[in-house]
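Chemist: sharing a model prediction with you, sequence too.
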Amino acid sequence: MLDNPPLQSDAVTTATGGGTGPASAAGTELHIPSPRRLGLAAVIGALIGLCLAVIWLRMTVPEYTAKAIIGPTAQSGLVGMGLRVPQLATPGQITTPLEHRADELVSDFEHFRQTLDAPATARQIMADEAFMRRVSLGLWQPTREQWSVPDRSVAAVLAGLLRGSQGAEATASGQVSFRAMINDDGEYLADWLSDHLAIRRIGETAMYRVSLRHPDRSVALELVTRLLRLTDAGLRQEAQRRVETQIAHLSEQMEQAQLASHREAMNRLLTEQLQIAMMLAVDLPFAADIIEPPSALRMPDWPAPLPVAGLALLAGACLGIGCAVALANRRREADNA
């Protein structure tokens, strides 16, 4: 019985001394809380994420997406961006203006796609002041009944933030007339279109889907319609100008030609240009056919509430679990210290 107390004392000392080494080693290991705590942290994080998502959805202006499907016309490439100098037929060969290489058959359509959001097309849309008031783009101030150009300098943005306004969009550098804005800043709408207009190819076909988002459904539909119509009309006018110039030049050269072979060759060229001019006079799409007219859903489709809520729940749950693990390890390190 006299030997028991020393044994107990040694046991306590060993436990105390031995606990220092393993505890410090265990402190470097990741400690995972109990499943109950992890579940609670995930639920709290998911609820916080959902609340933030709801707030963001309420603050975000919903937008409608207008979509249309376009494709090259059967005779695309005849004039505008096709052959600059028509190829003459060899003896015994019959050719028509429609016979061009495959890469030239889509050249006018490629030009159409590239100029759909070009400044030239945008300026034609901006010429309609009543329509531009509906498009707005942050330039029309309905309370003042006038147009303004936003000041996007760093100082103006910081000043707007300090005043509690919405940054550069709420700060105007000065009031200008709409006509002056067109002349001085004609690329404003073109820049906006380059950010909001999407042209994506449909699979491996030659058709493309054109889509544009805007807070006003009717504006989105009309804007896509005008872009398609004005772009095609602009390419047609350019093609007509080229053909008229070539016809005038060939007619002048025929009058000055001395050799019969030269007059015959130029007569074939002139006949081809006259055929093209007659085809351009037909009221049909020149570079692009509208396969499916612009359409939009009756309800806003951006932002989509369900995907946003689902992503917010998932992100919040993951963040909650991460915070729970971090706090548990921090407390354990504090206890061991």
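Modeler: Perfect, thanks for sending it.

Chemist: what about stretch 136-151, average pLDDT?
Modeler: The average pLDDT within stretch 136-151 is 71.

Chemist: could I get that stretch in CSV with only the CA atoms?
Modeler: Presented in CSV, the C-alpha positions along stretch 136-151 are these (Å, rounded to 0.1, in the frame of the first residue of the first chain):
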residue,chain,number,x,y,z
SER,A,136,-32.1,54.7,-73.4
LEU,A,137,-28.7,53.2,-72.7
GLY,A,138,-28.3,55.6,-69.8
LEU,A,139,-28.2,58.6,-72.0
TRP,A,140,-31.8,59.8,-71.8
GLN,A,141,-32.9,61.6,-68.7
PRO,A,142,-36.8,61.5,-68.6
THR,A,143,-37.0,63.9,-65.6
ARG,A,144,-35.1,66.6,-67.5
GLU,A,145,-36.3,65.6,-70.9
GLN,A,146,-32.9,65.8,-72.4
TRP,A,147,-29.8,63.7,-73.4
SER,A,148,-26.6,63.6,-71.5
VAL,A,149,-23.2,62.0,-72.0
PRO,A,150,-22.0,60.1,-68.9
ASP,A,151,-18.6,61.2,-67.4
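
Chemist: can you get me a residue count around Thr143?
Modeler: When neighbours are defined as other CB atoms under 10 Å, Thr143 has 5 of them. For the C-beta atoms, the positions are set from N, CA and C on the backbone; glycine is no exception.

Chemist: helix, strand, or coil at it?
Modeler: Using DSSP: H, G, I helix; E, B strand; the rest coil, the structure places Thr143 in coil.

Chemist: for it, what are phi and psi?
Modeler: As for Thr143, its main-chain torsions (degrees, to the nearest 10) stand at phi -70, psi -30.

Chemist: ok, the one 3 residues further on next?
Modeler: For Gln146, the backbone dihedrals are phi -160, psi 170 (criterion: degrees, to the nearest 10).

Chemist: tell me the bridge partners for it.
Modeler: Here Gln146 sits in beta bridges with Gln141, as judged by DSSP bridges.
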